[in-house]
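>>> Here's my sequence, what's the structure:
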Amino acid sequence: MRDKSDSRAFFAGIGDALTIPPAQLTDPFYEGSVQRLFAVPGDDSVMVTQTTARGSVFDVGALFEIPSNDVNRAVFRHVLYTRMGKPEVWAKVADAIREAPELAEDYRQDLLGGALEECVARGARTHHEGMLDAETGAVCRGGVPANPSAYNVVRRYQILKPARTEFLGAHLFDYSDFPRRDGFVVPLEYIVRFGITSASSVYRKYLGMGDAEKRAFERELGVTKPLEAWQYLEKPVSDLTTKFEPEDRMVSKQEALATSGLTGEMFVKSGKLAVLGAWVVRHLLEEIGLLLWDIKWEFAKDGDDLVFVDTIDTDSFRATMFLEADGRRFVNHYNKQAVRDYFNVFHGDWIGAIKEAKTRGTAEGVAFTDLLKAGQERGEYPGTPRVDEAFVAIQTRKMDAIREAMLGRIDPETAREALQAAGSDEIAYYRGAGKLDDFAKLNEV
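Numbers count the residues shown, from 1 in each chain. This next block holds a predicted model:
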């Protein structure tokens with residue numbers, strides 16, 4: 001392994017003139033299923049993130065690869081976070097909220113005050129510092145570099161994990177130390193929903209409830225009528241899950257406040273920022289003909305400020321088009337939900353094994369991936385399947401069109417046409433495989 005001190009020759013001008021040639025980034029301090037992280041010698045306040053072309057679904061790690069999607073995802077992240085730092089972007093969000101006819105007036109006024117006023121005045125704080133030029137290594141902080149890369153520079157925050165404990169056989173997690181700390185990633189994922197999709201976890205949970213439970217759940221989410229798939233809600237709603245437990249766990253807003261490590265005031269502000277940030281992404285996608293249904297956010301606590309953090313790209317939200325084919329209307333996905341559907345249609349036995357392993361893992365307090373792997377090795381569970389190359393090629397076209405639009409290389413109308421053509425070809429793929437009815441069970445409206 002190369003001594004990190006030798007890297008100093010390749011990193012110049014730590015700070016505003018930061019230059020980091022990507023070819024020298026060979027020693028990540030973290031390597032996940034879809035992302036690598038690199039330290040910056042001489043400046044431990046920032047790090048370099050490298051997105052990969054691999055994709056992860058069902059929480060089982062990287063299962064497929066979409067060519068060029070490493071750069072595609074990094075470009076989306078860079079363009080979005082750059083926009084979020086601009087006050088004029090938030091001024092447009094404020095105008096959209098004022099003009100949204102579906103919003104109740106008290107909800108509208110709640111969103112327009114406080115956090116949004118701060119963003120309109122000075123932009124939002126994010127951990128994003130810029131994108132590396134693929135050839136020169138120069139950090140581009142505004143616009144896009146001449147040679148876009150899969151590398152972004154972001155500010156570092158602590159990852160604090162709750163202490164694990166037990167109470168009468170129940171597995172619990174202790175967050176009591178968080179309020180005494182600072183500079184950490186809030187241990188929650190904030191999921192903002194403009195509408196409900198048929199595959200969303202919140203909708204599946206809702207369908208399994210009795211009438212009284214459904215009414216209580218509707219109140220918890222803040223909606224005034226029963227949930228229906230593929231319909232926009234009268235207002236965006238939020239739900240939250242844990243972030244640093246072995247398995248993500250949906251929690252009430254009251255429990256989320258207790259586990260967040262934030263004051264009540266900061267927790268409320270974080271919830272508003274999640275909704276407002278979702279509105280920025282919604283407008284970005286609507287320009288190219290896509291509907292945003294839901295998106296997840298993470299935040300860091302930095303003194304009295306909240307900072308948008310984590311990778312935000314097409315793997316972080318659900319965006320769709322409605323397409324007509326064979327006299328039927330289908331939802332077509334422009335994120336990794338398309339691959340989830342592929343596995344559900346073609347490899348239902350493997351999906352069943354995952355569900356069983358997750359149930360066992362929750363009961364036994366262990367990672368379900370360990371149980372799944374052990375079951376596969378014993379021949380009790382089917383092996384992990386591969387994605388057909390023809391299907392991957394369709395996903396590549398989708399992601400490339402989004403990238404070209406974000407870079408400004410194609411106009412929004414051209415992007416919409418390319419996305420629609422790729423979606424139509426995906427429907428034709430299922431038809432050709434004799435699986436269109438199975439696809440329709442998931443996506444016909």
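>>> Can you report phi and psi for residue 341?
When quoted as degrees, to the nearest 10, the phi and psi of residue 341 stand at phi -60, psi -40.
>>> okay, now it: neighbour count?
A count of nearby residues for residue 341, using other CB atoms under 10 Å, gives 22. C-beta here means a position set from N, CA and C on the backbone, and glycine is covered the same way.
>>> Tell me the buried residues in stretch 190-202?
Within stretch 190-202, the residues scored as buried using 16 or more other CB atoms under 10 Å are 190, 191, 192, 193, 194, 195, 196, 197, 198, 199, 200, 202.
>>> Out of those, show me where the pLDDT dips lowest.
Sorting the buried residues of stretch 190-202 by pLDDT puts residue 199 at the bottom of the list (77).
>>> Please report how far residue 336 lies from residue 57.
6 Å (CB to CB, to the nearest Å).
>>> JSON lines for the buried residues of stretch 190-202, including secondary structure?
Putting the buried residues of stretch 190-202 into JSON lines (DSSP: H, G, I helix; E, B strand; the rest coil) gives the following:
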{"residue": "190", "secondary structure": "strand"}
{"residue": "191", "secondary structure": "strand"}
{"residue": "192", "secondary structure": "strand"}
{"residue": "193", "secondary structure": "strand"}
{"residue": "194", "secondary structure": "strand"}
{"residue": "195", "secondary structure": "strand"}
{"residue": "196", "secondary structure": "strand"}
{"residue": "197", "secondary structure": "coil"}
{"residue": "198", "secondary structure": "coil"}
{"residue": "199", "secondary structure": "coil"}
{"residue": "200", "secondary structure": "coil"}
{"residue": "202", "secondary structure": "helix"}
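>>> What is the nearest of these to residue 67?
Nearest to residue 67 among the buried residues of stretch 190-202 is residue 199, at 25.2 Å by CB to CB.
>>> List the residues that contact residue 62.
Shown in contact with residue 62 (CB atoms under 8 Å, 6 or more residues apart in numbering): 33, 34, 52, 54, 55, 56.
>>> who wins for most neighbours among these?
That'd be residue 55 among the contacts of residue 62, by other CB under 10 Å, with 24 neighbours.
>>> Throw the buried residues of stretch 190-202 into TSV and include distance to residue 143, thanks.
Output for these, formatted as TSV (distance: CB to CB, whole Å):
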residue	distance to residue 143
190	29
191	31
192	27
193	32
194	29
195	32
196	36
197	34
198	39
199	36
200	35
202	37
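>>> which residue ranges form the helices in the protein?
All helices of the chain, identified by DSSP state H, fall at 69-84, 87-99, 105-112, 115-122, 201-207, 211-221, 253-260, 264-286, 337-346, 348-364, 368-377, 389-406, 412-432, 436-443.
>>> Great, nothing more from me.
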